[in-house]
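**Q** Build me a model from this:
(6 chains)
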There are 4 protein chains.
Amino acid sequence: MAQLSPQPKADKRIRIINAAVDVIAEKGYHYARISDIAKRAAVADGTIYLYFKNKEAILLSIFEEKMTDLIVLVRAEISNISGPKEQLMGFIHQHFLLVQENPALARVLQIELRQSSRFIHDYRPESLWAYLRIVVEIIEAGQKEGVFRRDIDPFIFQWSLFGALDELSVQWILSKKRERFPLEQVVHQVSSVFLSGLTITQE
Amino acid sequence: MAQLSPQPKADKRIRIINAAVDVIAEKGYHYARISDIAKRAAVADGTIYLYFKNKEAILLSIFEEKMTDLIVLVRAEISNISGPKEQLMGFIHQHFLLVQENPALARVLQIELRQSSRFIHDYRPESLWAYLRIVVEIIEAGQKEGVFRRDIDPFIFQWSLFGALDELSVQWILSKKRERFPLEQVVHQVSSVFLSGLTITQE
Amino acid sequence: MAQLSPQPKADKRIRIINAAVDVIAEKGYHYARISDIAKRAAVADGTIYLYFKNKEAILLSIFEEKMTDLIVLVRAEISNISGPKEQLMGFIHQHFLLVQENPALARVLQIELRQSSRFIHDYRPESLWAYLRIVVEIIEAGQKEGVFRRDIDPFIFQWSLFGALDELSVQWILSKKRERFPLEQVVHQVSSVFLSGLTITQE
Amino acid sequence: MAQLSPQPKADKRIRIINAAVDVIAEKGYHYARISDIAKRAAVADGTIYLYFKNKEAILLSIFEEKMTDLIVLVRAEISNISGPKEQLMGFIHQHFLLVQENPALARVLQIELRQSSRFIHDYRPESLWAYLRIVVEIIEAGQKEGVFRRDIDPFIFQWSLFGALDELSVQWILSKKRERFPLEQVVHQVSSVFLSGLTITQE
DNA sequence: CATGAATGAGGCTTCATTCAT
DNA sequence: AATGAATGAAGCCTCATTCAT
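**A** Numbers count the residues shown, from 1 in each chain, chains lettered A, B, ... in the order given. The predicted structure is shown next:
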């Protein structure tokens, strides 16, 4: 039995995850069939169950693993930037950059994930919190440095910002004519509003 | 034969819609069974199909009808307020008030609706746009009056604000300990950030 | 309440029967809905159950009543003809004439009736036998007169003839291009074959 | 674990087809439940859908596949016979033989098949035409040889004969007391009538 | 580890029939 | 007698999951 699989080996789990991202992004979680994912991953249906407990576990694994990657990536980018305002802009920039470069993943993480009742009801999305912790840290640093208003609650702010980024991303993903909707401009506008709202006004 | 039905003629259609809101909010669209909705509405399963073409039509009807109500309500409230800043605060206030008073409906409108593939793929959520048009009108008025920054794109702003309101609502709905999360404070914080971000700084 | 119904009155039963013939001919027995029949008859769904026990009873009533009419009609025609050969030709002619003039009824009697499991399994189609008795009587008369072969079993002959008439009618009804398939020629051919087969050859 | 399944690998598809023939013959197409067929075939309900697109496809497959078999069989028999008259008798004989040996199949092919609206409306029953082509070929050969009357239209004749065979088969199948109705005699009578009707009379 | 044929639970929907008016 | 809104039983079909090979 020679090497037949296009990719080396052992990556079967990764192939399944990536296939799942694509298929779920295309059809939606509830309309994505295991057999679709298996076919795209070029494995047998049953093989999926060697790597994942069930369909929902795939979704949660996507979330866990991709978010972990993203956090590492974003943290790395942020660490090269100095100044809380600049870091927050960097975060916003990175977020949209990732959306732009991984629209399928973005769609799964932002829309489809919420289809899992476990995700909504029981699951504690630690990874999402870890992602947003980046924002909180920037804000708290800015507040300590006296750059950001102390009366802003970082907890509420993080969800406001995330909600805005999320919704704009969704609208961008769903948008038929994305050219009318350049992400660079979105980055600029969002940064402008949130930073103005956050920054202490020198009066 | 005493009067048993709580609402003698309270139209079955309304009963079904409200039952659907409750059940879908509880279990999620895909896990809400038609028979659950029928039972909650105290009608036979088949009766639902006298009023709605199919399951998805219930979801879309909820959206259409409830959004129409909301728009009327919010517009009425806004019309009593003068000044763009105050109106925007009023809008934010109203949004969270409605969420607080109709958590099940809020959940359906904000989370479950997105489960319908038709909603995502084909459907044009005119009602949502009509709702957000309220925001756009306030902003454009403020820009004309010179109260709001002209460089803010109302289109992007509306989605930022909506995203923030939406996400905070969701978090509030999902939040086990809502007391730690008083909506009044959320209103204050969000208004503060978005208004500061939007308002022209007098320097 | 003035006279509103287009037809005098009391004819509701007849209206239903005729509506049923049309609808069943169009859609087939199992795909014809009671509500379709009711609509075509311009009565309420429930009204049908004042005249018929259930859906199957409509089908059987169509059979009973229409066959009774047909038998009277055909017998009347035959009685004007003398000579067994001429009478048999007359019967064949009448059969196709009726098919041609009442294609919907023909379809129901010949195709759709067999959809009723009761018709197939329990029901004794006396009316059909009465119809075919006309054939048997002609044959037996012919045999007595020495015109028809005595070795022909009228019982088997009646079904042969009926099968041939039936099948040709069905093919004619189903035929898209009935012009290629003129019933007059069919009458001629069928009469020719069956009469030659039946008549004593003068050798 | 002894051998339990009667036909180890006797392809499930064949088991399903045969089960469907039995169940449909017994209860009629519209009253035959998929679960009945599955039970009789000793497979799960879902398994049927691995082999057939839907219920109607089972019926059409029965028709296609069984007719193909029948045509081969009948052609083989006919090819051993010389002389158009003898061949036509052979055809009639074979037809009733097959009915006698496969009453369930005969019932499905002759009665139940017509329940499928697709069969009636859209479907072109090529296989049936192929079956009847055997008759047409015999007649045309006989006409060429001068044995059969030239004024007989083979197209009309084929349907007459088929209708007669069909109706007699149905009556035989439905007949409670088949002994009163011996197929050998039916063969003889039908052959006699149709051959006399078809053969050129030597006067 | 891998396969993929087989399973079978379960839901949406239809529509004949009922019954309060 | 007539209505037609309401009923609810029942079936086709899907698809996540299993398991013999």
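
**Q** Please name the nearest non-neighbouring residue to A:Gln115.
**A** A:Tyr29 (4.0 Å; CB to CB, 6 or more residues apart in numbering or on different chains). Yep, even glycine has a C-beta here, placed from its N, CA and C like the rest.

**Q** What about that neighbour? Give its phi and psi, please.
**A** Dihedral pair for A:Tyr29: phi -60, psi -50, per degrees, to the nearest 10.

**Q** Test my guess that it contacts A:Phe119.
**A** No. Using CB atoms under 8 Å, A:Tyr29 is not in contact with A:Phe119; the gap is 9.7 Å.

**Q** Let me know how buried the residue nearest to A:Gln115 is, in neighbour terms.
**A** Using other CB atoms under 10 Å in any protein chain shown, A:Tyr29 has 23 neighbouring residues.

**Q** could you point out the longest helix in chain A?
**A** Taking DSSP state H as the criterion, chain A has its longest helix at helix A:55-79.

**Q** what about that one and chain B, any contact?
**A** No. Taking CB under 8 Å from any CB of the partner chain as the criterion, helix A:55-79 and chain B are apart, separated by no less than 11.8 Å.

**Q** now that helix: how far from the chain's centre is it?
**A** Distance of helix A:55-79 from its chain centroid, counting by CA atoms, centre = their mean, to the nearest Å, is 7 Å.

**Q** contacting residues around the helix or strand just after that helix?
**A** Per DSSP states H and E, the first helix or strand lying C-terminal to helix A:55-79 is helix A:84-101. With contacts defined as CB atoms under 8 Å, 6 or more residues apart in numbering or on different chains, helix A:84-101 is touched by A:70, A:73-74, A:77-78, A:81, A:105-106, A:134-135, A:138-139, A:141-142, A:145, A:147-148, A:161, A:165, A:168-169, A:172-173, A:183, A:186-187, A:190-191, A:194-195, A:198-199.

**Q** Mind pulling the model confidence for the residue in chain A positioned nearest to chain C?
**A** Residue nearest to chain C within chain A: A:Tyr31 (29.7 Å; CB to the nearest CB). At A:Tyr31, the pLDDT value in this model is 91.

**Q** try the one 5 residues further on
**A** In the prediction, the pLDDT value recorded for A:Asp36 is 97.

**Q** Residue ranges in chain A under the pLDDT threshold?
**A** By pLDDT under 70, the weakly predicted segments of chain A are A:1-10, A:117-118, A:120-121, A:201-203.

**Q** hey, where'd the helices end up in chain A?
**A** A:12-27, A:34-41, A:45-51, A:55-79, A:84-101, A:103-110, A:117-121, A:126-145, A:154-174, A:183-198.

**Q** filter the contacts of helix A:84-101 to the buried ones?
**A** Taking 16 or more other CB atoms under 10 Å in any protein chain shown as the criterion, what is buried in these is A:70, A:74, A:77-78, A:81, A:105-106, A:134-135, A:138-139, A:142, A:147-148, A:161, A:165, A:168-169, A:172-173, A:183, A:186-187, A:190-191, A:194-195, A:198-199.

**Q** so how many other residues sit close to A:Arg124?
**A** A:Arg124, neighbours per other CB under 10 Å, totals 8.

**Q** Give me the phi and psi for it.
**A** Reported as degrees, to the nearest 10, the phi and psi values for A:Arg124 are phi -100, psi 110.

**Q** returning to what we had before: for A:Tyr29 and A:Phe119, list the residues in contact with both.
**A** With CB under 8 Å, 6+ apart as the test, A:Tyr29 and A:Phe119 both reach A:Leu59, A:Leu113.

**Q** List the residues that contact the residue in chain A positioned nearest to chain D.
**A** In chain A, no residue comes nearer to chain D than A:Ser35, which is 12.1 Å away by CB to the nearest CB. Counting by CB under 8 Å, 6+ apart, A:Ser35 makes contact with A:Asp45.

**Q** any idea how far it is from chain B?
**A** Per CB to the nearest CB, to the nearest Å, A:Ser35 is found 18 Å from chain B.

**Q** interface residues of chain A facing chain B?
**A** Counting by CB under 8 Å from any CB, chain A sits next to chain B at A:27-28, A:30-31, A:111, A:114-115, A:117, A:120, A:151-153, A:156-157, A:159-168, A:171, A:174, A:185-186, A:189-190, A:192-198, A:201-203.

**Q** which among those end up buried?
**A** For the residues of chain A next to chain B, a burial check counting by 16+ other CB under 10 Å picks out A:28, A:30, A:111, A:114-115, A:120, A:152-153, A:156-157, A:159-168, A:171, A:186, A:189-190, A:192-198.

**Q** Would you mind measuring from A:Val21 to A:Asn102?
**A** 8 Å (CB to CB, to the nearest Å).

**Q** Looking at these two, which is more packed in?
**A** Regarding A:Val21 and A:Asn102, a neighbour count based on other CB under 10 Å identifies A:Val21 as having more, with 24 against 16.

**Q** I'd say that one and A:Glu112 touch.
**A** No. If you go by CB under 8 Å, A:Val21 and A:Glu112 don't touch, sitting 9.3 Å apart.

**Q** what does chain A have sitting close to DNA strand E?
**A** Contact residues (CB under 7 Å from any atom of the strand) of chain A with DNA strand E: A:Lys12, A:Val43, A:Ala44, A:Asp45, A:Gly46, A:Thr47, A:Tyr49, A:Leu50.

**Q** Please list only the buried members of these.
**A** Buried residues within the residues of chain A next to DNA strand E, defined by neighbour count using 16+ other CB under 10 Å: A:Lys12, A:Val43, A:Thr47.

**Q** hang on, the second one packs against A:Arg13?
**A** Spelled out, that is A:Val43. No. In this structure, A:Val43 is not within contact of A:Arg13 by CB under 8 Å, at 9.9 Å.

**Q** quick revisit: spit out the contact partners of the residue nearest to A:Gln115.
**A** Contact analysis of A:Tyr29 by CB under 8 Å, 6+ apart lists A:Leu59, A:Val108, A:Glu112, A:Leu113, A:Gln115, A:Ser116.

**Q** Nearest to DNA strand F, out of those: which one, please.
**A** Taking CB to the nearest atom of the strand as the measure, DNA strand F lies nearest A:Leu59 of the contacts of A:Tyr29, at 10.5 Å.

**Q** so what's the closest one closest to, chain neighbours aside?
**A** Going by CB to CB, 6+ apart, A:Leu59 has A:Ser116 as its nearest residue, at 5.1 Å.

**Q** doesn't A:Lys66 make contact with A:Leu128?
**A** No. Applying CB under 8 Å as the test, A:Leu128 and A:Lys66 come out as separate, 11.1 Å apart.
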